[in-house]
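**Student:** sequence and predicted model, in that order:
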Amino acid sequence: MAKLYFYYASMNAGKSTMLLQADFNYRERGMNTMLFTAAIDDRFAYGTIASRIGLSQPATPFHMGTDLEVCALERHGQTPLACVLVDEAQFLTPEQVDQLARLADRHRIPVLCYGLRTDFKGQLFPGSARLLALADALSEIKSVCVCGAKATMNLRVDGQGKAIVEGAQTEIGGNDRYVALCRRHFGEALAGGTVLEAPSLR
Ligand SMILES: Nc1ncnc2c1ncn2[C@@H]1O[C@H](COP(=O)(O)OP(=O)(O)O)[C@@H](O)[C@H]1O
Ligand SMILES: Cc1cn([C@H]2C[C@H](O)[C@@H](COP(=O)(O)O)O2)c(=O)[nH]c1=O
Ligand SMILES: [Zn+2]
């Protein structure tokens, strides 16, 4: 029985790294995989999944109108797929999550999704909400706040590191635009407090 998996975390937690490790494990054993990533998130390059630690792989970009079930089945018809892996899963529409669930249920292809749960306001992304509702397995990838507590929230900041509390849910960016924090420090930052300074590794 194939399953739908949702690996969720704050930003900069290792989600893309873990996706690329899982993909490698299948491919080094001669099994075919299909990778998807959000077309909108082209921080590294369009149609590429890249980790901050330097790993990367080509991936099929998905837009809001992409039918992931049809895409995957076309590839499956050419080279039988052992697994489908989706990065930036927070950008899936709920309907696309249903398409992925059908891949597992009707076509017995395991689907592994990696993404954020919540946005810069602490609100669920619609695709993430659907994954939390439907996934057979939910796994949290841990990361830490500057205070050492588990980081679960994602603060959007401006060029001076000041919290941004209003804006569009989707705004592509990396460590320059977002800071992963524990709930306490996220709440303090949104309330106007300063963000604790993290020792820079750069
Ligand atoms: N030079 C490095 N050596 C080891 N780990 C690193 C290095 N640079 C970044 N990382 C770690 O890699 C993780 C980010 O990986 P990434 O897959 O890009 O995360 P995500 O996809 O969740 O944003 C972070 O936990 C970060 O601490
Ligand atoms: C919190 C938040 C994030 N995003 C964007 C910013 C990045 O492009 C991705 C997540 O990147 P990751 O390094 O793979 O975790 O999501 C956004 O658009 N809106 C938000 O509120
Ligand atoms: Zn904290």
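**Tutor:** Looks like it came in fine. Ligands and ions are numbered 1, 2, ... in the order given.

**Student:** what's the distance between residue 181 and residue 189?
**Tutor:** Distance, residue 181 to residue 189, using C-beta to C-beta, to the nearest Å: 7 Å. In this view, the C-beta of every residue, glycine as well, is placed from N, C-alpha and C.

**Student:** what about those two, which has more around it?
**Tutor:** Neighbours were counted for residue 181 and for residue 189 using other C-beta atoms under 10 Å; residue 181 has more, 28 against 23.

**Student:** can you pull up the bridge partners for the more buried one?
**Tutor:** Under DSSP bridges, the beta-bridge partners of residue 181 are residue 153.

**Student:** hang on, isn't it packed against residue 155?
**Tutor:** Yes - using C-beta atoms under 8 Å as the test, residue 181 is close enough to residue 155 to be in contact (5.4 Å).

**Student:** got the buried residues for the host helix or strand of residue 24?
**Tutor:** Here residue 24 sits within helix 15-27, counting by DSSP states H and E. Across helix 15-27, burial judged by 16 or more other C-beta atoms under 10 Å covers 15-20, 22-23, 26.

**Student:** between these, which is closest to ligand 3?
**Tutor:** Closest approach to ligand 3 among the buried residues of helix 15-27 (C-beta to the ion): residue 15, at 19.8 Å.

**Student:** so how far is residue 51 from that closest one?
**Tutor:** In terms of C-beta to C-beta, residue 15 sits 8 Å off from residue 51.

**Student:** dump the residue contacts of the most centrally placed residue in the chain.
**Tutor:** Most central in the chain under C-alpha atoms, centre = their mean is residue 115, positioned 2.0 Å from the mean C-alpha point. Residues in contact with residue 115, defined by C-beta atoms under 8 Å, 6 or more residues apart in numbering, are 6-8, 15, 86-92, 125, 127-128, 131.

**Student:** those residues: which ones sit near ligand 2?
**Tutor:** Contacts with ligand 2 within the contacts of residue 115, counted by C-beta under 6 Å from any ligand atom: 15, 88.
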